[in-house]
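Visitor: after the sequence you'll find the predicted model.
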Amino acid sequence: MSVIDHRRLALAAGAALLTLGGATGCASLDRTGLGTIAYETANKHLVQVDSPRVRGCHRFAAAGAVKVTNRTRVDLVMYPSDHCAGGNTVYIPTATADEVAPGAGVWRSYTLVH
């Protein structure tokens, strides 16, 4: 193989890697929190959410959540409002669980920390 053939091969390989990298970069915009979020509602129902999207506000069931177990690879922030806003938030790191204090109300929504 000549030097020119090696350069052409290198250029083709580089172009292929750039294309693959670009596709991967765009895919990361729609990432998920790989794993599950398990929660108990105020009505004692158990719910499991599989690999929720990293971006956006997620609502719990209408009764709200009183206990959350984070089995995803990202941390969570719990909110007492339906729209992931306001104070009295609770931070739940990956591979941990938390529950509301007696008389504190329920969590209505959550976000994933990215």
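Guide: Yep, that arrived.

Visitor: all the strands of the protein, in order from the start?
Guide: In the chain, the strands defined using DSSP state E lie at 35-41, 46-50, 58-59, 65-72, 76-79, 90-92, 96-99, 109-112.

Visitor: what's opposite the nearest residue to Gly33 once chain neighbours are set aside in the beta bridge?
Guide: The shortest distance from Gly33 to any non-neighbouring residue, by CB to CB, 6 or more residues apart in numbering, is to Thr72 (3.7 Å). Where C-beta positions appear, they are placed from N, C-alpha and C, glycine not excepted. Going by DSSP bridges, Thr72 is paired in beta bridges with Gly35.

Visitor: please apply the same query to Leu46.
Guide: Glu40.

Visitor: domains for this structure, by residue range?
Guide: With domains defined by automatic domain parsing, the chain comprises 1-30, 35-112.

Visitor: out of these, which one sits most buried?
Guide: domain 35-112 (a mean of 16; mean count of other CB atoms under 10 Å).

Visitor: just to revisit the earlier point, weakest of the domains of the chain by average pLDDT?
Guide: Lowest mean pLDDT within the domains of the chain: domain 1-30, a mean of 55.

Visitor: which residues touch the residue nearest to Gly33?
Guide: Shown in contact with Thr72 (CB atoms under 8 Å, 6 or more residues apart in numbering): Gly33, Leu34, Gly35, Thr36, Ile37, Ser51, Pro52, Thr94, Leu112.

Visitor: who touches the second one in this structure?
Guide: So that's Leu34. Ser51, Thr72, Arg73.

Visitor: from Gln48, how far out is it?
Guide: 14 Å (CB to CB, to the nearest Å).

Visitor: now do the first one
Guide: Spatial separation of Gly33 from Gln48 under the definition CB to CB is 13 Å.
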